[in-house]
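K.L.:
Pasted the sequence and its predicted model underneath.
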Amino acid sequence: MTRKIKNPEDPRVIRTRLALRRALIELIPEKGFDSITLQDITNRAGLNRTTFYLHYRDKTDLLTASLREAYEDLVGQAMPTDAAFATLRDAPGPIVATFTYIGENADFFQVILNEESVPMISAGLRQYIDEVVLAWLEVLGAENARVDVGLAVKFIGSAFLGVVRWWLENDQPYTPEYMARQLRALISDGIDQALGLSLPAD
């Protein structure tokens, strides 16, 4: 059973948890989550099992906590605020911040975007992305939408994840600012207008 950490904000606690998270993320593409042992994780992190059990019950607890922390940080960057909404057209700050955060944690997000053997990874990420997209659609007036809002959430979320995956796999060839403006144009202007297409009217 995990013993409660007295001060989770202690720099030593933070460093230990980051080391364990980093070790797990490095091991997943090497061995597959199911094959990883606690010994593998602690060896890679340079820690012992006693230290591990001070923080987590098992490797699933470590994975769940790591995902939750990363997703909460990601959502914190992307959720709409009054200031973000005011500058959305010219300087899509939340999207820039999101790409910046993902880029700074590229190894972690490459694993969670490409690891199909652990359903909680992809399902959790999609749930958080859907929450962010829905929040923005509500702020922008989705109640007047001509299409089903639920479908729009899935469409935008899937497009975003696909673009992020490509960006990471190609070593971030464009800046977060460039990526944000491109996505903003596609989403807010519409694919037809952004590409100069002439589509038949309804």
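P.N.:
Structure's in. What do you need? Numbers count the residues shown, from 1 in each chain.

K.L.:
Residue 166: neighbour count?
P.N.:
11 (other C-beta atoms under 10 Å). C-beta: built from backbone N, CA, C; applies to glycine.

K.L.:
mind checking which helix or strand residue 131 is in?
P.N.:
In this structure, residue 131 sits in helix 119-139 according to DSSP states H and E.

K.L.:
what's the distance between that helix and the middle of its chain?
P.N.:
Distance of helix 119-139 from its chain centroid, counting by C-alpha atoms, centre = their mean, to the nearest Å, is 9 Å.

K.L.:
So which bits of it are buried?
P.N.:
Buried residues in helix 119-139, counted by 16 or more other C-beta atoms under 10 Å: 121, 124-125, 128-134, 136-137.

K.L.:
same deal with stretch 53-63?
P.N.:
Neighbour counts over stretch 53-63 (16+ other C-beta under 10 Å) mark 55-56, 59, 62-63 as buried.

K.L.:
Can you get me the start-to-end distance on it?
P.N.:
14 Å (C-alpha to C-alpha, to the nearest Å).

K.L.:
And stretch 49-66, by the same measure?
P.N.:
18 Å.

K.L.:
Stretch 176-190 too?
P.N.:
End-to-end span of stretch 176-190 (C-alpha to C-alpha): 20 Å.

K.L.:
What helix or strand is the closest residue to residue 179 other than its chain neighbours located in?
P.N.:
Sequence neighbours aside, residue 99 is the residue nearest to residue 179 in space, at 5.0 Å (criterion: C-beta to C-beta, 6 or more residues apart in numbering). Assigned by DSSP H and E, residue 99 falls within helix 93-104.

K.L.:
mind listing what's buried in that helix?
P.N.:
93-103.

K.L.:
Please tell me how far that helix is from the chain's geometric centre.
P.N.:
Distance, centroid of helix 93-104 to centroid of chain: 10 Å (C-alpha atoms, centre = their mean).

K.L.:
Now do that helix: which elements does it pack against?
P.N.:
Other helices and strands packing on helix 93-104, by 3 or more C-beta pairs under 8 Å, 6 or more residues apart in numbering; DSSP states H and E, are helix 59-78, helix 82-86, helix 149-169, helix 176-184.

K.L.:
which one of those helices lies closest to residue 21?
P.N.:
If you check each of these against residue 21 by C-beta to C-beta, helix 59-78 wins as the nearest, at 4.4 Å.

K.L.:
quick one: contacts of that closest one?
P.N.:
With contact meaning C-beta atoms under 8 Å, 6 or more residues apart in numbering, helix 59-78 is reached by 2, 17, 20-21, 24-25, 33, 36-38, 41, 52, 55-56, 94-95, 97-98, 100-102, 105, 108-109, 112, 118, 120-121, 124-125, 128, 131-132.

K.L.:
Now do that helix: distance to the chain's middle.
P.N.:
8 Å.

K.L.:
and if you look at stretch 23-42?
P.N.:
20 Å.
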